[in-house]
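Trainee: model the structure of this input:
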Amino acid sequence: MTEFIRLPAVTLKPSSIALPGSKSISNRTLLLAALSDNVCEIHSLLQSDDTERMLEALEKLGIQLEFFSDGRLKVHGSGGQFPNREADLFLGNAGTAFRPLTAALAILGGDYRLHGVPRMHERPIGDLVDALRIAGADIQYFGNEHYPPLHISKRTDNGERVIPIKGNVSSQFLTALLMALPLTKQAFEIRVIGELISKPYIDITLKLMAQFGVAVVNEDYRVFKIPAGSQYHAPDRLYVEGDASSASYFLAAGLLSGEPIRVTGIGADSIQGDVAFARELEKIGATVVWGGNFIEVSRAANQAVLPFDLDANHIPDAAMTLAIVALASGGTCTLRNIGSWRVKETDRIAAMANELRKVGATVVEEPEAIHITPPASLTPGAEIDTYDDHRMAMCFSLVSLLGVPVIINDPKCTYKTFPTYFDVFASLQK
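Mentor: Take a look at the predicted model:
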C-alpha cells in the first residue's frame with residue numbers, strides 16, 4: 001500500500017529555517033576533495049540519499065573517509081587517482097554523482113561498472129559519453145545506447161585537446177567534463193555546442209574548482225580552457241552552503257502565507273544560482289530581505305500574488321515551485337525554456353501537468369514550457385502522486401497553504417535531498 005501524508009489546510013507563523021547543505025555543492029565537493037592531494041575537512045555536508053550514493057562510491061574506490069559525531073567529514077585525497085582501479089558502483093538516481101564519476105573514472109581509466117535505479121537508466125548520458133570518447137575514453141553501454149548502465153575501461157591518450165560537448169540537455173555533462181579533464185594534467189579546451197542551459201550550475205562548478213586550485217578560463221560560456229599542470233588541492237576546511245533549491249519551498253511559503261519566513265545558510269553572496277528565485281518572487285508581490293547568511297520573504301496584506309510569464313532556464317529546479325505559486329495568482333502563468341525538466345528524476349513537465357489538474361488547474365503542456373491557469377476554487381483533498389521525485393512532493397506540500405487539504409503520496413521520496421522536509425514544514429504552522 002502506498003505511504004502518504006495528509007496535510008490539512010494550514011496557516012503559518014513567522015519562522016526561521018536552517019537549510020540542509022546544498023546537494024550540488026556537496027557532491028561536487030566530495031569528488032574534488034577525493035581527487036585532491038591533501039586532506040579536507042567538510043562541514044554542513046548534506047545528509048541524503050544522493051550524498052550517500054557518492055560516499056559509498058568513493059569508499060569503494062578506495063578513498064579514506066573519517067566521519068565525526070558532530071557531522072564533520074574528513075576526506076583524505078588520493079592525489080588525482082583512485083586507489084581501486086576496479087569497482088562496481090550503484091549510484092541510485094543521483095545525477096550529481098553519476099555524471100561526474102563517469103567522467104572522472106573514464107579519464108583516469110580502469111575497470112568500472114556504473115549503474116542505478118531504473119529511472120537513472122532512462123536518463124540520457126550519450127552526449128557526455130561522446131565527449132569523453134573524443135578524449136580517448138573507452139566506455140561501453142550495457143543496455144540501451146546513450147543510457148546507463150556503463151562499463152568503463154582503460155583510456156588511451158589520443159592527443160586530442162579540443163573537446164566538444166552539447167549544452168542543451170543537462171549542464172551536468174559540462175560540469176563532469178570540467179571536473180575530470182584536469183586529472184590529465186594536460187591543457188584542454190571544451191567547446192559548447194548549441195545553447196548551454198542552467199549556466200548558474202556551471203558557475204557553481206567553476207567557483208568550487210577554483211577553491212580547489214584549478215582556475216578555468218570561461219569565454220562567455222562557449223569555450224572553457226583548462227590549464228596544463230592542473231592539480232586539485234583542497235582547502236583545509238570547507239563549509240557547504242545551504243541548499244538554495246530547497247529554500248524555494250520556504251520562500252514561496254512566505255509569499256503565499258504573507259508571514260515572514262527566513263531561511264539561513266544562504267544569502268546575498270551565495271554561489272548558487274537558485275537564490276535568483278527570491279528575485280522572481282519579488283517581481284510577483286513578495287517583500288524580500290537579503291542578508292549575508294539569510295533570505296526572508298513575506299507579503300503585505302494588500303499585495304496580491306501576480307501572474308507571471310518567465311523564462312526559467314536560469315532556475316530550472318526552483319522554477320517547479322513557481323508552478324504551485326501560479327495557483328495563487330488569479331491568472332494564467334507560464335514557465336518557458338524548461339525542457340530539461342523532461343530528463344530529471346521524472347518527466348517533470350508531464351508530472352506537474354498531471355498533478356496540477358488534480359487540484360483543478362487548467363494546464364497546457366508544451367515540449368519546453370507549461371501554462372497554468374488556476375481554478376476559481378481549488379479541489380480539496382487531492383491525492384498527489386510524486387513519481388519518486390523529491391521536488392514533486394515538496395512543491396505540492398505548498399497547496400496546503402492555499403486553503404485546502406492535500407494528500408502527498410510517497411513522502412519519503414524527499415530523502416533524496418531533504419529527509420526531514422515534512423517535519424520542518426510542519427514546524428512553520430501555527
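Trainee: tell me how many other residues crowd Ser16.
Mentor: 13 (other C-beta atoms under 10 Å). Any C-beta I mention is one placed from the backbone N, CA and C, and that applies to glycine too.
Trainee: actually, Phe68.
Mentor: Phe68 is flanked by 10 other residues according to other C-beta under 10 Å.
Trainee: please, where are all the helices along the stretch 251-400 of the chain?
Mentor: Using DSSP state H, counting those that start in this stretch, the helices found in the stretch 251-400 of the chain span residues 276-283, 319-325, 348-358, 390-397.
Trainee: next helix or strand past the last one?
Mentor: Later in the chain than helix 390-397, the nearest helix or strand by DSSP states H and E is strand 406-409.
Trainee: once you drop chain neighbours, what's closest to Ala187?
Mentor: Leaving aside its sequence neighbours, Ala187 sits nearest to Ala228 (C-beta to C-beta, 6 or more residues apart in numbering; 4.0 Å).
Trainee: turn the helices of the stretch 251-400 of the chain into JSON lines, columns for mean pLDDT, distance to Leu208 and mean neighbour count.
Mentor: As requested, the helices of the stretch 251-400 of the chain are exported to JSON lines (pLDDT from 0 to 100; distance: least, C-beta to C-beta, whole Å; neighbours: other C-beta atoms under 10 Å):
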{"stretch": "helix 276-283", "mean pLDDT": "98", "distance to Leu208": "19", "mean neighbour count": "19"}
{"stretch": "helix 319-325", "mean pLDDT": "98", "distance to Leu208": "23", "mean neighbour count": "26"}
{"stretch": "helix 348-358", "mean pLDDT": "98", "distance to Leu208": "26", "mean neighbour count": "21"}
{"stretch": "helix 390-397", "mean pLDDT": "98", "distance to Leu208": "23", "mean neighbour count": "26"}
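Trainee: what's the closest of those helices to Ser340?
Mentor: The closest of the helices of the stretch 251-400 of the chain to Ser340 is helix 348-358. By C-beta to C-beta, the value is 8.7 Å.
Trainee: same for the closest one, what does it pack against?
Mentor: When contacts are defined as 3 or more C-beta pairs under 8 Å, 6 or more residues apart in numbering; DSSP states H and E, helix 348-358 sits against helix 319-325, strand 362-366, strand 369-373, strand 382-384, helix 390-397.
Trainee: distance to Phe67 added to the ones you listed, as JSON lines?
Mentor: Listed next are these as JSON lines, based on distance: least, C-beta to C-beta, whole Å:
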{"stretch": "helix 319-325", "distance to Phe67": "32"}
{"stretch": "strand 362-366", "distance to Phe67": "44"}
{"stretch": "strand 369-373", "distance to Phe67": "42"}
{"stretch": "strand 382-384", "distance to Phe67": "36"}
{"stretch": "helix 390-397", "distance to Phe67": "24"}
